[in-house]
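A.B. asks: Pasted the sequence and its predicted model underneath.
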Amino acid sequence: MAHADFWSPILISLKITAVASVLVFLLALFAAYLLANRDFRGKALLETVLMLPLVLPPTVVGFGLLMLLGRHSWLGHFIEWLFGQPVIFTWWAGVIAVTVVAFPLVFQTLKTGFESVDEEIKDMARSFGASEWQVFRHVTLSLSWRFLLSGYTFGFARGIGEFGATLMFAGNIPTRTQTVPTAIYLAAESGDMRLALYWVISLVVLSFALLSFVHRLRGFTAKDKAR
Amino acid sequence: MRPLRMFSSSICVLLFTSCLLVSGCSTFQDVSPDERMPLYVLSAASLSDAMQEVKSVYESSHPDVELLESFGSSGTLQQQIEQGAPADLFLSAGEGQMQALLAKNLIDTAHRQDLLTNELVLIVPSDGTTSTVKSLADLTQPDVKKVAIGQPDTVPAGHYAKETLSAERLWQPLQDKLLYAKDVRQVLTYVETGNVDAGLVYATDARTSKRVKVVVTADANSHNPIVYPYGIVKATDHAKQAQALYDWLQSAEATRIFASYGFKMSGAAGSGT
């Protein structure tokens, strides 16, 4: 096993998760903001639909993406017309799969955060003439930052381990779309348990590094408070 | 305010690095600097080692072609082809998936056949203790407590194992000893770790482990042929290149690669075209 063959899935996993985690965070931020503050007909239904990727097996989500964005759908045709090639089996397919699968976790965390902010504090800010944007920016976000951090971390962690939807939608092409989880699957399938183990260790190290970064961020604020 | 600012700046840094990473690997997909013709080969995961060697050998003798091999279970690959994923060649580990695609008119009927065959073997742990099992019939001995096979309904290898045991009139006598695994790999692990006394797996799987010993190869007539069919996907944009690869996979050079991983050429293939 050459060096490049070992590092390639790790780099691809990092790239896909780095992009997807930011993308899913922004999408979830938008959705959570809308749903935490408004009541409208069909809200419960919409929320259930948004939570679906959490209940469905990832392979089913991947199959759904294949159907929705495949060559036989109008959306798939549009993408092919736009970029000159289908999105299936590309690097971006991996980003889409991770984004969809990680969305419910991030969304739910952010929404809980926004709902935890006391309505009276927001009203107070409004009484001082703050616009809704200012209230969101300076009150809601400031008071729920812990949830933002957890939400982002959840998204990243769920994304780095994504397997089923990625395998289905992005394929398992070494050096192109093969991520650490799909590489582990293939190594185990062909009996190379040592290589599989090394990749498992790399996943654990990555997650550990991420979580200790989050802990450090939290640690800083604990000191802030103490002051 | 400070934590929020710190958090949003970390997000910004991430966003920035992601942009760099994305632009680093071009806009939509990694486009190889050279203009090689990409051929998508959707291959059963059990063929991955052999097919990755095929890739390097084939590309060095065909510099104008790049093989993009994607690996998954035959069922996953079947669904990808049905939904119009880019695919030129399909190598299945089971006849069922190939038949399903043929029925939907997605595989070129003139360019499909059985490429490889595999064998079913009886294995025991190779950890010093000399097993008394020398044949399939020995499985009925009292000191053989557990025998692992794949779940016959869902695991193809388990289905073949059931056929062989039935043919040898051992299926009923062994009922209390049989342990069903969710795939062949699990059978192999059970035997490797000594958790069962024997198991039935493919010859290609047995080769990958030093901790199991092949006792005997099941009589090929005791079960249906274990075949790996392959074919050209009808929707291919590169019919000529796909045809060239299709033919090459039956060549002496390809045969040598497959044989080195324990596969045999199917009777239909391997004529050295």
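C.D. replies: Thanks, I have the structure now.

A.B. asks: list the contacts for the closest residue to chain A within the stretch 1-150 of chain B?
C.D. replies: For the stretch 1-150 of chain B, the residue closest to chain A is residue B:84, as judged by C-beta to the nearest C-beta, at 2.9 Å. No exception for glycine: its C-beta is placed from N, CA and C like everyone else's. Residues in contact with residue B:84 (C-beta atoms under 8 Å, 6 or more residues apart in numbering or on different chains) are A:70-72, A:76, A:86, A:88, B:235.

A.B. asks: Enumerate every residue touching residue 97.
C.D. replies: I'll assume chain A. A:61-62, A:65, A:162, A:165-166, A:168-170.

A.B. asks: wrong one, chain B
C.D. replies: Counting by C-beta under 8 Å, 6+ apart, the residues that residue B:97 touches are B:74-75, B:77-78.

A.B. asks: among those, which are in helices?
C.D. replies: Among the contacts of residue B:97, DSSP state H puts B:74-75, B:77-78 in helices.

A.B. asks: Any of the contacts of residue B:84 buried? List them.
C.D. replies: Burial by neighbour count, judged by 16 or more other C-beta atoms under 10 Å in any protein chain shown, picks out A:70-71, A:76, A:86, A:88 from the contacts of residue B:84.

A.B. asks: And the contacts of the host helix or strand of residue A:149?
C.D. replies: Residue A:149 is part of helix A:145-160 when elements are defined by DSSP states H and E. Residues from elsewhere that reach helix A:145-160 (C-beta under 8 Å, 6+ apart): A:13-14, A:16-17, A:20-21, A:24-25, A:28-29, A:98-99, A:101-103, A:105-107, A:109-110, A:112-114, A:116, A:141, A:180, A:203, A:206-207, A:210-211, A:214, A:217-218, B:3-4, B:7, B:11.

A.B. asks: Quickly note the distance from residue A:155 to residue A:99.
C.D. replies: 9 Å (C-beta to C-beta, to the nearest Å).

A.B. asks: Likewise for residue B:115?
C.D. replies: Counting by C-beta to C-beta - residue B:115 and residue A:99 are separated by 38 Å.

A.B. asks: what's the answer for residue B:188, then?
C.D. replies: Counting by C-beta to C-beta, the gap from residue B:188 to residue A:99 is 36 Å.

A.B. asks: show me what contacts whichever residue of the stretch 151-273 of chain B sits closest to chain A?
C.D. replies: Residue of the stretch 151-273 of chain B nearest chain A, by C-beta to the nearest C-beta: residue B:208 (3.1 Å). Counting by C-beta under 8 Å, 6+ apart, residue B:208 touches A:190-192, B:188.

A.B. asks: Residue A:187 now?
C.D. replies: A:193, A:195-196, A:199 are the contacts of residue A:187 under C-beta under 8 Å, 6+ apart.

A.B. asks: hmm, try it at 7 Å
C.D. replies: A:195-196, A:199 (C-beta atoms under 7 Å, 6 or more residues apart in numbering or on different chains).

A.B. asks: tell me the mean pLDDT for stretch A:164-172?
C.D. replies: For stretch A:164-172, mean pLDDT is 95.

A.B. asks: same check, this time on stretch B:220-237
C.D. replies: 95.

A.B. asks: Outside of that stretch itself, list whatever touches it.
C.D. replies: In contact with stretch B:220-237 (C-beta under 7 Å, 6+ apart) are residues B:44, B:47, B:81, B:84, B:87-93, B:95, B:98, B:105-108, B:111-120, B:160, B:163-164, B:167-168, B:242-243, B:246, B:249, B:266.
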